[in-house]
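Novice: Got a predicted structure plus its sequence, pasted below:
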Amino acid sequence: MANIAIIAAILAVLVFISILAVRIAARPPRLKLPRDIKRIRAIEYGNAGGVSLKLDIVEPRTPATKPRPVIVWIHGGAWNSGDKEGGCAMIAPFAQRGYFCASINYRLSQQAVFPAQIHDCKCAIRYLRAHAAEYNIDAGHIGVWGSSAGGHLAALLGTTADVKELEGDGGWPGESSAVQAVCDYCGPTDLLALDPNEHSTSVLAELLGAPPVKKKALAQLANPITHITRDAAPFLIVHGDKDTVVPMEQSVLLYDALKQAGVPAALHIERGAEHWLESPGITMLVNAFFDRYVGKC
């Protein structure tokens, strides 16, 4: 009996250790930020459909002597995965250069279908404007930056400042959701024009509530090109010519429509690049773009 009790105790300890290991492995790694910037985690910027919407702030430790321009990162992940964690690494270099930065979460497609995702992104912009005095930020100089699904949502922010149907009711209704610059990494634009393979069909059906061909009006509402006017924000669009997830042609469609409307826009095609984009040359382009249109620090 004593041996059985010992074995049972050992097994209990092993089970506890394995559960703990799984929990630790499931946690995202903590981002090691440079010592000259700080991060404030999980600030609630709104509430929609009973979901608490959160953002992280990354900003210089040195107090601002004047309102800082803003860059907001919107994560990718096919609208059904990902979170704000990874974005903090993307925006940290801008915080080091004096920008006020935020990385946001939004409702994923399992939680709510479109337009919930853009509702949440707009709510985040309105929250920042409502708290401009508290954070000492320049509410007239807000840039957004996203990759893949995040690039799509950033592009929508840049073309839909006056589209009431996309504002949502997550909070801060008295503020504008307009942005002053958009950096779009390989974001989908025309959902109806995407290759209807099994993966993209299932992802888009989850986002829209049915395949795009059965939700044409909603797919058009989700298309940044639908809403372009000459008042759209300036764009920097970056895409890899070897991207097999989102075809490069999606960015070409957006760029052509922006130029036709007279909107300042640049399209950079990274040769040999797939869906993830990272190079010193691209970094220089993004830095110069935000410095020009959001505000050189």
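Specialist: Perfect, thanks for sending it.
Novice: mind listing the strands for the stretch 1-150 of the chain?
Specialist: 37-48, 51-60, 68-74, 100-104, 137-147 (DSSP state E, counting those that start in this stretch).
Novice: Residue 263 and residue 234 touch, don't they?
Specialist: Yes. Using Cβ atoms under 8 Å, residue 263 is in contact with residue 234, at 6.8 Å. Glycine gets a C-beta too; all of them are placed from N, C-alpha and C.
Novice: Tell me where this structure is predicted with low confidence.
Specialist: Counting by pLDDT under 70, the chain contains low-confidence ranges at 1-31, 197-200, 296-297.
Novice: most centrally placed residue in it?
Specialist: The centroid of the chain falls nearest to residue 74 when counting by Cα atoms, centre = their mean (1.0 Å).
Novice: Identify each buried residue in stretch 261-280, please.
Specialist: For stretch 261-280, the neighbour count (16 or more other Cβ atoms under 10 Å) marks 263, 265-268, 270, 273, 275, 277 as buried.
Novice: For that stretch, what is the spacing between the initial and final residues?
Specialist: Chord length of stretch 261-280, first to last residue, is 31 Å (Cα to Cα, to the nearest Å).
Novice: what's in contact with that stretch?
Specialist: Applying Cβ atoms under 8 Å, 6 or more residues apart in numbering, the external contacts of stretch 261-280 come out as 147-148, 185-186, 228-230, 232-246, 248, 251-252, 255, 258-259, 281-282, 285, 289, 293.
Novice: if we go to 6 Å?
Specialist: Stretch 261-280 is contacted from outside by 185, 228, 230, 232, 234-243, 245, 255, 258-259, 285, using Cβ atoms under 6 Å, 6 or more residues apart in numbering.
Novice: how far away is the closest residue to residue 130 other than its chain neighbours from residue 153?
Specialist: Leaving aside its sequence neighbours, residue 130 sits nearest to residue 172 (Cβ to Cβ, 6 or more residues apart in numbering; 4.5 Å). In this view, residue 172 and residue 153 are 18 Å apart by Cβ to Cβ, to the nearest Å.
Novice: Kindly report the same for residue 105.
Specialist: Counting by Cβ to Cβ, the gap from residue 105 to residue 153 is 12 Å.
Novice: quick revisit: which one's more surrounded, residue 172 and residue 153?
Specialist: Between residue 172 and residue 153, counted using other Cβ atoms under 10 Å, the more crowded position is residue 153 (28 against 19).
Novice: show me what contacts the more buried one?
Specialist: Contact analysis of residue 153 by Cβ under 6 Å, 6+ apart lists 74, 117-118, 121, 146.
Novice: Need those residues in TSV (columns: distance to residue 217).
Specialist: Converted to TSV, these look like this (distance: Cβ to Cβ, whole Å):
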residue	distance to residue 217
74	24
117	17
118	15
121	21
146	24
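Novice: Can you show me the helices along this protein?
Specialist: 2-26, 87-96, 116-130, 132-135, 149-159, 198-208, 216-221, 248-260, 280-290 (DSSP state H).
Novice: Mind putting those into a markdown table with distance to residue 181?
Specialist: Listed next are the helices of the chain as a markdown table, based on distance: least, Cβ to Cβ, whole Å:
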| stretch | distance to residue 181 |
| --- | --- |
| helix 2-26 | 36 |
| helix 87-96 | 12 |
| helix 116-130 | 12 |
| helix 132-135 | 17 |
| helix 149-159 | 8 |
| helix 198-208 | 25 |
| helix 216-221 | 23 |
| helix 248-260 | 13 |
| helix 280-290 | 6 |
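Novice: Burial-wise, tell me which of those comes out on top.
Specialist: helix 149-159 (a mean of 29; mean count of other Cβ atoms under 10 Å).
Novice: The nearest residue to residue 203 once chain neighbours are set aside: neighbouring residues, count only.
Specialist: Leaving out its chain neighbours, the residue that sits closest to residue 203 by Cβ to Cβ, 6+ apart is residue 78, at 4.8 Å. Neighbour count of residue 78, defined by other Cβ under 10 Å: 20.
Novice: Make residue 1 into 36 and carry on from there
Specialist: Will do, 36 is the new start, and the previous item becomes residue 113.
Novice: gap between the closest residue to residue 71 other than its chain neighbours and residue 74?
Specialist: Nearest non-adjacent residue to residue 71, counting by Cβ to Cβ, 6+ apart: residue 96, 5.7 Å away. Separation of residue 96 from residue 74 (Cβ to Cβ): 10 Å.
Novice: the more surrounded of the two?
Specialist: For residue 96 versus residue 74, neighbours defined as other Cβ under 10 Å are more numerous around residue 74 (16 against 11).
Novice: one step back: what's the closest of the contacts of residue 188 to residue 255?
Specialist: Using Cβ to Cβ, residue 153 is the member of the contacts of residue 188 that lies nearest residue 255, at 13.6 Å.
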